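*Asks:* what follows is a predicted protein model with its sequence.
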Amino acid sequence: MQSPHHQDGCFRHLFEELADPVVKFELVDGEPIIRHANDAFVDVFGSGPLSVADEPLNELIVPATKQQEAQQFDQRTEAGHSNAAVVERMTETGERKFIYRGVPYDDDHGFAIYSDITDELQRERHLDVLHRVLRHNLRNDLTVLLGMATRILERTDDPTTAQAANKIKQTASQLSQLTEEAKTIERVLGESVGLEPVAVEPLVERVVADCTARFETATITTEIDAELHVSANDKLQIVLRSLLDNAIRHNDSADPQATVSATRVDSSTIELAVSDNGPGIPRIEQQIITEDREITPLKHGSGLGLWLVKWITDAYGGQIEIESAASGGTVVRLLLAGQPPE
């Protein structure tokens, strides 16, 4: 068993070697006073050890507009509670954003750890602007292409020209669908996932009614065991709608059909499945989705719908399986945790 002296030495080594700024402080009349700071803290927030030791922490690094926020953190520390937040702090190079974690210990003492995320947040903001501009411009340009292709089809009698216009219209429609899927994914992945019992039958009925109205030539049937509940949330509706949309939109059969089924596999698992009589999902796309194959320029999926289904299913702690029937068509199965009704 290691001696307390040895453990203290290990702790000091860890404290000094951490790449993130760390400070040990003491609360004196409710105000944090620096008792020790690692080299990273001195490099980021101070000009040397003597300028940091025994300094009031808030006066040294907290902007004037954030003093009240810092005092609230100090009150939590004094009460024995930990803190975690994204904060703005003054550094040698100006204000920057940090993930702040405060850990109280030994009555009026505590540790504060600061992880600089300024550059990451700036990159995220730049990418967000880029995505919004690209989606806006792409959506507008696709609208123009669809309109022009429609006008060509209305005015031409030449089979070759009509075939080309139809191809333009089909491709533009697929790209438009892709942008909508990307928008949905961005929104869904940016939200927290809270699970609750979701009744399967009414959810399926709502989605089927919506898809039946949008795809009037398709036949959609259901085979749902009564009183099934799964551990999910309102995003399960997005999952099912995406599966049905994929099953019908890409179905080249003269009589497009899809079936939604839900059955109990065992006491803890529910299977939600969508089957169709379409051309099937290419094997490589199935492998990318279900086997986590690496995406390369030569190996990639044709759309984002199945990725959306996979990512939400993963968030539920479920599994996705894809099967192509020898006679044609596809079955996508979701294995979800069963839940008793509320």
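*Replies:* Thanks, I have the structure now. Numbering: from 1, shown residues only.
*Asks:* quick one: buried residues of stretch 309-321?
*Replies:* By neighbour count with 16 or more other CB atoms under 10 Å, stretch 309-321 contains the buried residues 309-313, 315-316, 318, 320. Heads up, the C-betas are built off the backbone N, CA and C, glycines and all.
*Asks:* same thing with stretch 35-46?
*Replies:* 36-38, 40-42, 44-46.
*Asks:* can you lay out the buried residues of stretch 309-321 as a markdown table showing secondary structure and pLDDT?
*Replies:* Supplementary listing: those in a markdown table, determined by DSSP: H, G, I helix; E, B strand; the rest coil; pLDDT from 0 to 100:
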| residue | secondary structure | pLDDT |
| --- | --- | --- |
| V309 | helix | 86 |
| K310 | helix | 87 |
| W311 | helix | 85 |
| I312 | helix | 87 |
| T313 | helix | 89 |
| A315 | helix | 87 |
| Y316 | coil | 90 |
| G318 | coil | 92 |
| I320 | strand | 90 |
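*Asks:* got those residues as JSON lines, with distance to G194 columns?
*Replies:* JSON lines is the format used below for the buried residues of stretch 309-321 (distance: CB to CB, whole Å):
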{"residue": "V309", "distance to G194": "19"}
{"residue": "K310", "distance to G194": "20"}
{"residue": "W311", "distance to G194": "16"}
{"residue": "I312", "distance to G194": "13"}
{"residue": "T313", "distance to G194": "16"}
{"residue": "A315", "distance to G194": "10"}
{"residue": "Y316", "distance to G194": "11"}
{"residue": "G318", "distance to G194": "15"}
{"residue": "I320", "distance to G194": "21"}
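*Asks:* gap between Q174 and R264?
*Replies:* Noted for Q174: a distance of 37 Å to R264, by CB to CB, to the nearest Å.
*Asks:* ok, for I168, nearest residue in space, not its chain neighbours?
*Replies:* Closest residue to I168 apart from its sequence neighbours, by CB to CB, 6 or more residues apart in numbering: A149 at 4.4 Å.
*Asks:* got it, and R139?
*Replies:* Residue nearest to R139 in three dimensions, not counting chain neighbours: T179, with 5.9 Å by CB to CB, 6+ apart.
*Asks:* host element of the one you found?
*Replies:* helix 159-189 (DSSP states H and E).
*Asks:* parallel or antiparallel, list what pairs with the next helix or strand after that helix.
*Replies:* As assigned by DSSP H and E, the chain's next helix or strand after helix 159-189 is strand 196-199. Here strand 196-199 is paired, per DSSP bridges, with strand 229-232 (antiparallel).
*Asks:* residues in contact with the strand it pairs with?
*Replies:* Outside strand 229-232, the residues that touch it by CB atoms under 8 Å, 6 or more residues apart in numbering are 195-200, 236, 270, 272, 316-317, 336-342.
*Asks:* drop anything exposed from those residues.
*Replies:* The neighbour-count test (16+ other CB under 10 Å) marks 198, 200, 236, 270, 272, 316, 336-339 as buried among the contacts of strand 229-232.
*Asks:* quick check: R264 vs E216, distance?
*Replies:* 33 Å.
*Asks:* let me fix that, I meant to ask about Q72.
*Replies:* From Q72 over to E216 the distance is 58 Å, taken as CB to CB.
*Asks:* looking at the two, which is more packed in?
*Replies:* Between Q72 and E216, counted using other CB atoms under 10 Å, Q72 has the larger neighbour count: 12 against 6.
*Asks:* host element of that one?
*Replies:* Taking DSSP H and E as the definition, one finds Q72 inside helix 67-78.
*Asks:* how about the longest strand along the chain: buried residues?
*Replies:* Secondary structure of the chain per DSSP state E: the longest strand is strand 94-105. Counting neighbours by 16+ other CB under 10 Å, one finds that the buried residues in strand 94-105 are 96-98, 100-102, 104.
*Asks:* and for stretch 258-266?
*Replies:* Neighbour-count burial for stretch 258-266 [16+ other CB under 10 Å]: 258-262.
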